[in-house]
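>>> What would the 3D arrangement of this be:
(one chain, ligands or ions: 1)
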Amino acid sequence: MTLKTFKDLNLVEPILKALVTKGYTNPTPIQEKSIPILLNGTDLLGCAQTGTGKTAAFAIPIIQQLYLDEHRNKTHRKIKALIVTPTRELAIQIADNFTEYGENADIRNTVIFGGVKQGAQTNALRRGVDVLVATPGRLLDLMGQGFIKLNDIEYFVLDEADQMLDLGFIHDIKKLLTKLPAKRQSLFFSATMPKSIVELSEKILGKYERVTISPDKPTAEKVEQALYFVSKEDKPKLLVDILRSEDAASTLVFARTKHGADKVVRLLSKAKITAQAIHGNKSQNARQNALSNFKDGKTKVLIATDIAARGIDVSQLELVVNYDLPNISETYVHRIGRTGRAKASGKAISFCDLEERPYLKGIEKLIKQQVPVIKDHPYVDTRKDSEIVGLKKPSQGNRNNKPKSNKKPGQSGNKNVWNRRKPRN
Ligand code: AMP
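Predicted coordinates for the structure are as follows:
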């Protein structure tokens, strides 16, 4: 079977040229399926994991339709396409993609999000744009102030709908829907499809086609995974040891809370490992700064909370560490999907303390595989589940749990922790 090319998808020359510049040769499955549907003017329900190439899947057809629209006023541009996405980082990422794919098609876009002054954003809006990428709060705010009118919207994209609901944006979205013209093409993307999401999609989409990209084969399969059972107290030492022995060019460490993320930065700094944190309590500038240092390779380790990490797109991300195991199984898939994006493969290492053991069961059920457990490491907590049942305060039962091995970290003679992996019994 020969692979389809972008040319086979009937894309116009300016877009093909931009894709060559980007270095894309073939469309990903979601692009191959969605682009013809969207160029046809049909609504789309896209069920796709992160890293599948879904941004280009919606951006390219929108750019092409705008480019071919003879009535588009290029002197006084009106917002024709609106993309709503839950996080600032994701919004910036999407806008960057529109700029790249649309650079030869005379398409102007801008991005708006909260947490920064609005002046630069309203100036860009005043100059006129064809495409607006926005997070919900700032969008409604600027609409309320009269800077944004949605009367001319022809294309509406709701991105990462499941995350949008998790973040409590449902009322904002419902409010927004009342302001959109009824006649429009609507695109709805979500990584997961619980009932609440299906219901929301029905409010947004007209007659639609559905594109599902391997729901049973999450990114998990492309990523080499490993897990350490470790006590809460030993997590810092284990992290330092792993970062040293893996020596990855780029590592993204996930912490459950903002406070936790800052704590990890401090403990790494004590171990002389430079790291920066990215989370909602940081100013937008600090977040952008941490992100660009990470992308440029100036900082090798970035600590993130789930929300802040949604938009991180680092093509060569080598390693993801789940310092805290997420209690929502889908989050695990989102997190490890940060590595192994597009065609790259990656590694994901997870730490699991006593209290997190039940989460692991949910994760393994979702990904339909067992995460290989590393047993041969000084900081491994060797107690079995059966030994800890009935403990009232499991985390306290761990205090005096010394590492079983006498080997000191880093002196094991085996530089690559990864190779110590053993199959679980
Ligand atoms: P997304 O799922 O939109 O976040 O895209 C995931 C990653 O795949 C991004 O780094 C994109 O730049 C990249 N990508 C998207 N489409 C293609 C393609 N057709 N070929 C190679 N890489 C791609």
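
>>> any low-confidence regions in the stretch 301-425 of the chain?
Low-confidence segments of the stretch 301-425 of the chain, defined by pLDDT under 70: 310-313, 315, 340-345, 385-425.

>>> what ranges do the strands span in it?
Here the stretch 301-425 of the chain has its strands, by DSSP state E, counting those that start in this stretch, at 301-304, 319-322, 346-352.

>>> ok, now the chain?
Taking DSSP state E as the criterion, the chain carries its strands at 43-47, 81-84, 109-112, 131-134, 155-158, 185-190, 208-212, 223-229, 251-254, 275-278, 301-304, 319-322, 346-352.

>>> Can you tell me which of the strands of the stretch 301-425 of the chain is nearest to the ligand?
strand 346-352 (12.3 Å; Cβ to the nearest ligand atom). C-betas here are computed from N, CA, C, even on glycine.

>>> Mind exporting the C-alpha coordinates of the closest one to CSV?
Extracted in CSV, the C-alpha atoms of strand 346-352 (Å, rounded to 0.1, in the frame of the first residue of the first chain):
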residue,chain,number,x,y,z
GLY,A,346,10.1,7.9,23.5
LYS,A,347,10.3,6.7,27.1
ALA,A,348,8.1,7.2,30.1
ILE,A,349,9.1,6.4,33.6
SER,A,350,6.5,6.5,36.4
PHE,A,351,6.8,6.6,40.1
CYS,A,352,4.1,4.9,42.2
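
>>> so that strand versus strand 223-229, what angle?
Per axes from the mean of the first three to the mean of the last three Cα atoms, to 10 degrees, the angle that strand 346-352 makes with strand 223-229 is 20 degrees.

>>> helices or strands next to strand 346-352 in the packing?
Contacts defined by 3 or more Cβ pairs under 8 Å, 6 or more residues apart in numbering; DSSP states H and E place strand 346-352 against strand 223-229, helix 235-246, strand 319-322, helix 329-336.

>>> Can you give the strand pairings for it, parallel or anti for each?
Sheet pairing for strand 346-352, assigned by DSSP bridges, gives strand 223-229 (parallel), strand 319-322 (parallel).

>>> Please produce CSV containing the helices and strands packed on strand 346-352, extended by distance to the ligand and mean neighbour count.
Below are the helices and strands packed on strand 346-352 laid out as CSV (distance: least, Cβ to the nearest ligand atom, whole Å; neighbours: other Cβ atoms under 10 Å):
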stretch, distance to the ligand, mean neighbour count
strand 223-229, 14, 21
helix 235-246, 22, 20
strand 319-322, 15, 26
helix 329-336, 11, 23
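
>>> Export those to a markdown table and append columns for distance to Val198.
Formatted as a markdown table, the helices and strands packed on strand 346-352 follow (distance: least, Cβ to Cβ, whole Å):
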| stretch | distance to Val198 |
| --- | --- |
| strand 223-229 | 28 |
| helix 235-246 | 38 |
| strand 319-322 | 29 |
| helix 329-336 | 15 |
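
>>> so which of the ones you listed comes closest to Ile63?
Ile63 lies closest to helix 329-336 among these, at 26.7 Å (Cβ to Cβ).

>>> from the chain's centre, how far out does the closest one sit?
Centroid separation for helix 329-336 versus its chain: 9 Å, with Cα atoms, centre = their mean, to the nearest Å.

>>> Please apply the same query to stretch 287-304.
Per Cα atoms, centre = their mean, the centroid offset for stretch 287-304 relative to its chain is 15 Å.

>>> contacting residues for Leu319?
246, 248, 250-252, 339, 346-349 (Cβ atoms under 8 Å, 6 or more residues apart in numbering).

>>> er, Ile170 actually
Contacts of Ile170 (Cβ under 8 Å, 6+ apart): 164, 200.

>>> how about a cut-off of 10 Å?
Counting by Cβ atoms under 10 Å, 6 or more residues apart in numbering, Ile170 touches 136, 161, 164, 196, 200.

>>> The first one: how many residues sit nearby?
Spelled out, that is Pro136. Residues within reach of Pro136, counting by other Cβ atoms under 10 Å, total 23.

>>> List the contacts of it.
Taking Cβ under 10 Å, 6+ apart, one finds 84-86, 113-114, 158, 164, 167-173, 175-176 in contact with Pro136.

>>> if we go to 6 Å?
By Cβ atoms under 6 Å, 6 or more residues apart in numbering, the residues touching Pro136 are 84, 169, 172.

>>> Got the confidence number for the nearest residue to it once chain neighbours are set aside?
Computed as Cβ to Cβ, 6 or more residues apart in numbering, the closest residue to Pro136 that is not its neighbour in sequence is Asp172, at 3.9 Å. Here, the pLDDT recorded for Asp172 equals 96.

>>> can you check the one 4 residues further on too?
In this model, Leu176 is scored at 97, pLDDT.

>>> So, low pLDDT: which residues of the stretch 1-150 of the chain?
For the stretch 1-150 of the chain, the ranges with pLDDT under 70 are 1-2, 50.

>>> show me where it has helices.
Secondary structure of the stretch 1-150 of the chain (DSSP state H, counting those that start in this stretch): helices at 13-22, 29-39, 54-68, 88-101, 119-127, 136-144.

>>> List the buried residues for the fifth one?
Read that as helix 119-127. 121-122, 124-125 (16 or more other Cβ atoms under 10 Å).
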